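Trainee: give me a model of this one.
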Amino acid sequence: MRLTAVDGLLIRHFDDEAVVFDPLSWDAHLLNPAAIAVLELLIDAPCSETEIAELLRNALLDEERPHAVAHAHRLIGELRSLGLIRGIETTPIAYR
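Mentor: Model prediction:
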């Protein structure tokens, strides 16, 4: 399964953090740099959890890199629970 950002999110950067506003739900969230990097990646194009882990692996300190997959999994769960990202099916549709 691939992941994508929900439509219509507005992002305003403030130093290392950013506020994300969802105009459909009227929810606003203050996100850290890792969460913003993942969210902006998913706004650009759908990605897999493996691609997100690779993004984080490249951004993490050397001693944290072995934990990139766990970081990605936790961050994806948090962004999903906030309603900022969703899964999309990539299985081809069979036509009759």
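
Trainee: where along the chain do the helices fall?
Mentor: Taking DSSP state H to define them, one finds helices in the chain at 33-44, 49-59, 68-81.

Trainee: of all these, which one is nearest residue 90?
Mentor: With Cβ to Cβ, the closest approach to residue 90 among the helices of the chain belongs to helix 49-59: 12.7 Å. C-beta: built from backbone N, CA, C; applies to glycine.

Trainee: got the angle for that closest one vs helix 68-81?
Mentor: On the basis of axes from the mean of the first three to the mean of the last three Cα atoms, to 10 degrees, helix 49-59 is oriented at 120 degrees to helix 68-81.

Trainee: give me the low-pLDDT residue ranges for the protein?
Mentor: Low-confidence segments of the chain (pLDDT under 70): 91-96.

Trainee: how does it look with 80?
Mentor: Within the chain, the segments meeting pLDDT under 80 span 90-96.

Trainee: what's the distance between residue 1 and residue 12?
Mentor: 29 Å (Cβ to Cβ, to the nearest Å).

Trainee: go on, residue 46?
Mentor: Where residue 12 is concerned, residue 46 sits at a distance of 24 Å (Cβ to Cβ).

Trainee: give me the more crowded residue out of those two.
Mentor: residue 46 (17 against 10; other Cβ atoms under 10 Å).

Trainee: which ones are touching the more buried one?
Mentor: Contact analysis of residue 46 by Cβ atoms under 8 Å, 6 or more residues apart in numbering lists 2, 3, 4, 88, 90.

Trainee: list phi and psi for it.
Mentor: Residue 46 has phi and psi values of phi -60, psi 140 when expressed as degrees, to the nearest 10.
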